[in-house]
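Chemist: dropping the sequence and predicted coords here.
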Amino acid sequence: MSDKMPGWRDIPIGGMILDAGNSAKYETGTWRSSKPIWDADKCIQCLTCWIYCPDSSIQVKDEKMVGIDYFHCKGCGLCASVCPDKVQAITMVIEET
Ligand code: SF4
Ligand code: SF4
(Lines give C-alpha, C1' and ligand atoms only; values in the text may rest on other atoms or scores of the structure.)
(Ligands and ions follow the chains in the order given, each with its own letter.)
Protein backbone atom coordinates (compact mmCIF):
# COMPACT_ATOMS: atom_id res chain seq x y z
CA MET A 1 0.00 0.00 0.00
CA SER A 2 1.25 3.47 -0.92
CA ASP A 3 2.08 5.73 1.99
CA LYS A 4 0.86 8.73 -0.03
CA MET A 5 -2.87 9.58 -0.01
CA PRO A 6 -4.32 10.32 -3.50
CA GLY A 7 -5.10 13.99 -4.13
CA TRP A 8 -7.90 15.52 -6.20
CA ARG A 9 -5.65 15.50 -9.29
CA ASP A 10 -5.53 11.69 -9.12
CA ILE A 11 -9.32 11.28 -9.36
CA PRO A 12 -10.54 10.36 -12.90
CA ILE A 13 -12.40 13.17 -14.66
CA GLY A 14 -16.12 12.46 -14.98
CA GLY A 15 -19.55 14.02 -15.18
CA MET A 16 -18.46 16.81 -17.52
CA ILE A 17 -21.01 18.52 -19.77
CA LEU A 18 -19.06 19.72 -22.79
CA ASP A 19 -21.92 20.83 -25.07
CA ALA A 20 -25.07 22.69 -24.13
CA GLY A 21 -28.20 20.60 -24.74
CA ASN A 22 -26.28 17.33 -25.18
CA SER A 23 -28.76 15.34 -23.06
CA ALA A 24 -30.72 14.54 -26.24
CA LYS A 25 -27.83 12.30 -27.35
CA TYR A 26 -28.02 10.01 -24.33
CA GLU A 27 -30.29 6.97 -24.36
CA THR A 28 -31.66 7.27 -20.83
CA GLY A 29 -34.52 4.92 -21.69
CA THR A 30 -32.28 1.99 -20.79
CA TRP A 31 -32.51 3.05 -17.11
CA ARG A 32 -36.24 2.26 -17.09
CA SER A 33 -37.80 -0.48 -14.95
CA SER A 34 -41.40 0.55 -15.73
CA LYS A 35 -42.79 1.76 -19.03
CA PRO A 36 -45.73 4.12 -19.71
CA ILE A 37 -48.27 2.79 -22.20
CA TRP A 38 -50.47 5.45 -23.79
CA ASP A 39 -54.02 4.73 -24.92
CA ALA A 40 -54.75 7.23 -27.70
CA ASP A 41 -58.47 6.38 -27.66
CA LYS A 42 -58.82 7.40 -24.01
CA CYS A 43 -56.64 10.53 -24.23
CA ILE A 44 -58.48 13.87 -24.07
CA GLN A 45 -55.38 15.86 -25.17
CA CYS A 46 -55.13 17.98 -22.03
CA LEU A 47 -51.29 17.77 -22.31
CA THR A 48 -50.84 17.70 -18.53
CA CYS A 49 -48.39 14.81 -18.98
CA TRP A 50 -46.37 16.92 -21.41
CA ILE A 51 -46.14 19.75 -18.87
CA TYR A 52 -44.95 17.46 -16.07
CA CYS A 53 -42.65 15.00 -17.85
CA PRO A 54 -39.13 15.75 -16.52
CA ASP A 55 -37.49 14.21 -19.60
CA SER A 56 -39.49 15.94 -22.34
CA SER A 57 -40.54 12.48 -23.50
CA ILE A 58 -44.17 13.21 -24.30
CA GLN A 59 -44.24 13.67 -28.05
CA VAL A 60 -46.50 16.44 -29.31
CA LYS A 61 -47.33 17.45 -32.87
CA ASP A 62 -49.74 20.21 -33.91
CA GLU A 63 -50.60 20.74 -30.21
CA LYS A 64 -51.64 17.11 -29.74
CA MET A 65 -49.97 14.22 -27.96
CA VAL A 66 -48.82 11.66 -30.51
CA GLY A 67 -46.75 9.24 -28.43
CA ILE A 68 -43.94 8.67 -25.96
CA ASP A 69 -40.22 8.93 -26.70
CA TYR A 70 -38.92 5.66 -25.25
CA PHE A 71 -35.32 6.57 -26.16
CA HIS A 72 -35.33 9.17 -23.35
CA CYS A 73 -38.26 8.19 -21.05
CA LYS A 74 -36.85 7.00 -17.70
CA GLY A 75 -40.13 5.47 -16.55
CA CYS A 76 -40.71 7.72 -13.56
CA GLY A 77 -44.50 7.35 -13.89
CA LEU A 78 -45.25 11.03 -13.40
CA CYS A 79 -47.22 11.18 -16.65
CA ALA A 80 -49.52 8.37 -15.47
CA SER A 81 -49.94 10.07 -12.08
CA VAL A 82 -51.04 13.41 -13.51
CA CYS A 83 -53.29 12.04 -16.25
CA PRO A 84 -56.80 12.91 -15.01
CA ASP A 85 -58.42 10.21 -12.83
CA LYS A 86 -61.50 10.01 -15.03
CA VAL A 87 -59.30 9.46 -18.11
CA GLN A 88 -56.29 7.30 -17.09
CA ALA A 89 -54.91 7.16 -20.60
CA ILE A 90 -51.41 6.17 -19.41
CA THR A 91 -50.70 2.89 -17.63
CA MET A 92 -47.32 1.90 -16.18
CA VAL A 93 -46.20 -1.66 -16.89
CA ILE A 94 -43.07 -3.54 -15.85
CA GLU A 95 -40.38 -3.14 -18.51
CA GLU A 96 -39.54 -6.32 -20.40
CA THR A 97 -35.86 -7.26 -20.18
S1 SF4 B 1 -42.63 7.88 -17.34
FE2 SF4 B 1 -41.67 9.82 -16.67
S3 SF4 B 1 -40.07 10.18 -18.20
FE4 SF4 B 1 -41.45 8.67 -19.09
S5 SF4 B 1 -42.91 9.83 -20.31
FE6 SF4 B 1 -43.81 9.54 -18.26
S7 SF4 B 1 -43.22 11.39 -17.09
FE8 SF4 B 1 -41.89 11.27 -18.90
S1 SF4 C 1 -52.42 13.67 -19.31
FE2 SF4 C 1 -53.59 11.89 -20.09
S3 SF4 C 1 -55.34 12.78 -21.17
FE4 SF4 C 1 -53.86 14.43 -20.87
S5 SF4 C 1 -52.65 14.43 -22.78
FE6 SF4 C 1 -51.57 13.13 -21.31
S7 SF4 C 1 -52.32 11.06 -21.76
FE8 SF4 C 1 -53.76 12.48 -22.70
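Modeler: Done, it's in. Numbering: from 1, shown residues only. Ligands and ions are numbered 1, 2, ... in the order given.
Chemist: my guess is Glu95 meets Arg32, correct?
Modeler: Yes. The pair Glu95 / Arg32 is scored as a contact, 5.1 Å apart, by Cβ atoms under 8 Å. In this view, the C-beta of every residue, glycine as well, is placed from N, C-alpha and C.
Chemist: what sits in contact with each of the two?
Modeler: The contact sets of Glu95 and Arg32 overlap at Gly75 (Cβ atoms under 8 Å, 6 or more residues apart in numbering).
Chemist: so which residues of this structure form strands?
Modeler: Assigned by DSSP state E, the chain shows strands spanning 34-38, 58-61, 64-68, 90-94.
Chemist: of the ones you listed, which stretch is the most buried?
Modeler: Most buried of the strands of the chain by mean neighbour count (mean count of other Cβ atoms under 10 Å) is strand 34-38; its value is a mean of 18.
Chemist: pLDDT score for Asp62?
Modeler: Predicted confidence (pLDDT) at Asp62: the value is 98.
Chemist: so where's the protein shaky on pLDDT?
Modeler: Judged against pLDDT under 70, the low-scoring parts of the chain cover residues 1-2, 97.
Chemist: so which bits of it are right by ligand 1?
Modeler: Residues of the chain found near ligand 1 (Cβ under 6 Å from any ligand atom) are 36, 53, 55, 57-58, 68, 73-79.
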